[in-house]
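> pasting the structure only:
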């Protein structure tokens, strides 16, 4: 199998693009929804447990994707699942990606409506059309976009948290003791812990996206 290299022969653009996997607005919305539904304590431990499971599951996939430059299709086929397993993997991955795309588009459309007064329907159309040039030019365009916008993203992600802590230091304590809609309040509840972890574990299919990034890793030197 021919070795596939990143655009400039280095691993930084690939790593930079892979980091974009945690920039989904839907991820923040899911975390907030879990906290409101099950309380901070259950959400915290549920997210931590699910994160550990996803991390451990992703280690061998990430290793072999970057070492042999294969995506999820080839990994499932080479693991003995055959063409049917590969097809089903692609179907799950594609469905998951479309759900994410529609969720992100809905969030962006609402943002456009709030800040610019653009109707939701037009906002959905803008969100769908803007992504086409990036998809057309593939990994090269994605890596450049990530490199240009990542500093802005980091500032916009960290600045609100710092502003809240600076203006209202007590909010941190209030957040950690937030009970949400949990009948047990801020106390630990095994059932709600499991439900929180279950919601986050549904994101494990995102490993397929990371494999698609890591297959562009250059050879070790």
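Yep, that arrived. Just so it is clear, the model here is predicted, and its values are computed rather than measured.
> Is residue 219 part of a helix or strand, or is it coil?
Look at residue 219: counting by DSSP: H, G, I helix; E, B strand; the rest coil, its state is coil.
> for it, phi and psi?
phi -60, psi 150 (degrees, to the nearest 10).
> The helix or strand containing residue 28: how far from the chain's middle?
Residue 28 belongs to helix 25-68 when assigned by DSSP states H and E. Relative to the mean C-alpha coordinate of its chain, helix 25-68 is positioned 9 Å out (C-alpha atoms, centre = their mean, to the nearest Å).
> Next: stretch 160-174.
Using C-alpha atoms, centre = their mean, the offset of stretch 160-174 from its chain centre is 25 Å.
> That stretch: end-to-end distance?
Start and end residues of stretch 160-174 are separated by 17 Å (C-alpha to C-alpha, to the nearest Å).
> buried stuff in it?
The neighbour-count check on stretch 160-174 (16 or more other C-beta atoms under 10 Å) flags nothing as buried. In short, each C-beta sits where N, CA and C put it, glycine included.
> on contacts alone, who are the packing partners of the helix holding residue 28?
Under the contact definition 3 or more C-beta pairs under 8 Å, 6 or more residues apart in numbering; DSSP states H and E, helix 25-68 sits against helix 72-76, helix 82-116, helix 190-201, helix 207-214.
> quick one, the helix ranked longest in the chain and helix 25-68 angle?
Counting residues, the longest helix found in the chain (DSSP state H) is helix 120-167. Angle, helix 120-167 to helix 25-68, by axes from the mean of the first three to the mean of the last three C-alpha atoms, to 10 degrees: 90 degrees.
> Helix 120-167 to helix 207-214, inter-axis angle?
Using the same axes, to 10 degrees: helix 120-167 against helix 207-214 is 90 degrees.
> so what does helix 120-167 touch, helix or strand wise?
Judged by 3+ C-beta pairs under 8 Å, 6+ apart, helix 120-167 is in contact with helix 12-19, helix 82-116, helix 171-176.
> Just name the most buried of these.
Per residue and on average, the most neighbours among these fall to helix 12-19, with a mean of 18 (mean count of other C-beta atoms under 10 Å).
> can you give me how far that one is from the chain middle?
With C-alpha atoms, centre = their mean, you get 13 Å for helix 12-19.
> what angle sits between that helix and helix 207-214?
Using the same axes, to 10 degrees: helix 12-19 against helix 207-214 is 170 degrees.
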